[in-house]
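**Q** need coordinates for the below:
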Amino acid sequence: MPKLREAYLDVSFHGVSSLIESITSVKHLTLSSKVHVYGGGLVFNQLEHLKLCVGAHYASNLLVRLLEDSPNLRVLDLFKMDSRNGRMGCWNQPSTVPECIMSSLETFKWSGYLGTRQERDLAVYILRNACRLKTATISFDDRIVGTKPEMIKELSLSSSTASTTCQLVFDQGF
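**A** Just a heads-up that it's a prediction; the model follows:
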């Protein structure tokens, strides 16, 4: 599907790697998956906007793979489909920073942020390495009560941004 520009995938079953292989030309991809979606060897050269559900246990591995395979990514939008979803699994920081984070990522959004150690580590990693980041918006999960100011302070202090022009915005949901 070389002319496909936008795709929304909500994957619940294995065996969709051929579908993923056919949409590598998309510019805007929204992906929610409860299973392993694809192996290596794909490149999403045209992908500029990735919206990824991080409610699954293995979501951080999928995120790393998509970042590594999307050299021209400009917008990264992480979200939780349902606030009752599980938390993101262990964040395994890649040994090298994906090209898109250093050279093209301009907007970072996170909706449903819970402030777990894994989520904080991921957010700090992106903020510290995204050299061209213009805005980073973190919206807290509605279930968080009372700890938002501490989480804001912690993220602000631990995430000196690589980009000197980055505006860090917190949506506290008060």
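**Q** C-alpha only now, for contacts and for neighbours.
**A** OK.
**Q** so which strand or helix has the residue most central in space within the chain?
**A** Closest residue to the average C-alpha location of the chain: Leu78 at 4.2 Å, with CA atoms, centre = their mean. Taking DSSP states H and E as the definition, Leu78 sits inside strand 75-79.
**Q** how about the following helix or strand past that strand as PDB, C-alpha atoms only?
**A** Using DSSP H and E, the helix or strand that follows strand 75-79 towards the C-terminus is helix 99-103. Once non-C-alpha atoms are left out, helix 99-103 reads as follows in PDB (Å, rounded to 0.1, in the frame of the first residue of the first chain):
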ATOM      1  CA  GLU A  99      18.300   8.800  14.800                       C
ATOM      2  CA  CYS A 100      14.900  10.400  14.900                       C
ATOM      3  CA  ILE A 101      15.300  11.400  18.500                       C
ATOM      4  CA  MET A 102      18.500  13.300  17.800                       C
ATOM      5  CA  SER A 103      17.600  14.700  14.400                       C
END
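**Q** which residues touch helix 99-103?
**A** Helix 99-103 is contacted from outside by 67-68, 70-74, 126, 129-132, using CA atoms under 8 Å, 6 or more residues apart in numbering.
**Q** got a ChimeraX select line for the buried ones in those residues?
**A** Restricted to buried positions by 16 or more other CA atoms under 10 Å, the ChimeraX selection for the contacts of helix 99-103 reads:
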select :67,68,70,71,72,73,74,126,129,130,131,132
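**Q** now render the contacts of helix 99-103 as JSON lines, adding secondary structure, distance to Ile144 and pLDDT.
**A** Converted to JSON lines, those look like this (DSSP: H, G, I helix; E, B strand; the rest coil; distance: CA to CA, whole Å; pLDDT from 0 to 100):
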{"residue": "Leu67", "secondary structure": "helix", "distance to Ile144": "28", "pLDDT": "94"}
{"residue": "Glu68", "secondary structure": "helix", "distance to Ile144": "32", "pLDDT": "94"}
{"residue": "Ser70", "secondary structure": "coil", "distance to Ile144": "32", "pLDDT": "96"}
{"residue": "Pro71", "secondary structure": "coil", "distance to Ile144": "34", "pLDDT": "97"}
{"residue": "Asn72", "secondary structure": "coil", "distance to Ile144": "34", "pLDDT": "97"}
{"residue": "Leu73", "secondary structure": "coil", "distance to Ile144": "30", "pLDDT": "98"}
{"residue": "Arg74", "secondary structure": "coil", "distance to Ile144": "29", "pLDDT": "98"}
{"residue": "Ile126", "secondary structure": "helix", "distance to Ile144": "22", "pLDDT": "93"}
{"residue": "Asn129", "secondary structure": "helix", "distance to Ile144": "27", "pLDDT": "93"}
{"residue": "Ala130", "secondary structure": "coil", "distance to Ile144": "27", "pLDDT": "94"}
{"residue": "Cys131", "secondary structure": "coil", "distance to Ile144": "30", "pLDDT": "93"}
{"residue": "Arg132", "secondary structure": "coil", "distance to Ile144": "30", "pLDDT": "95"}
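**Q** thanks a lot, see you next time.
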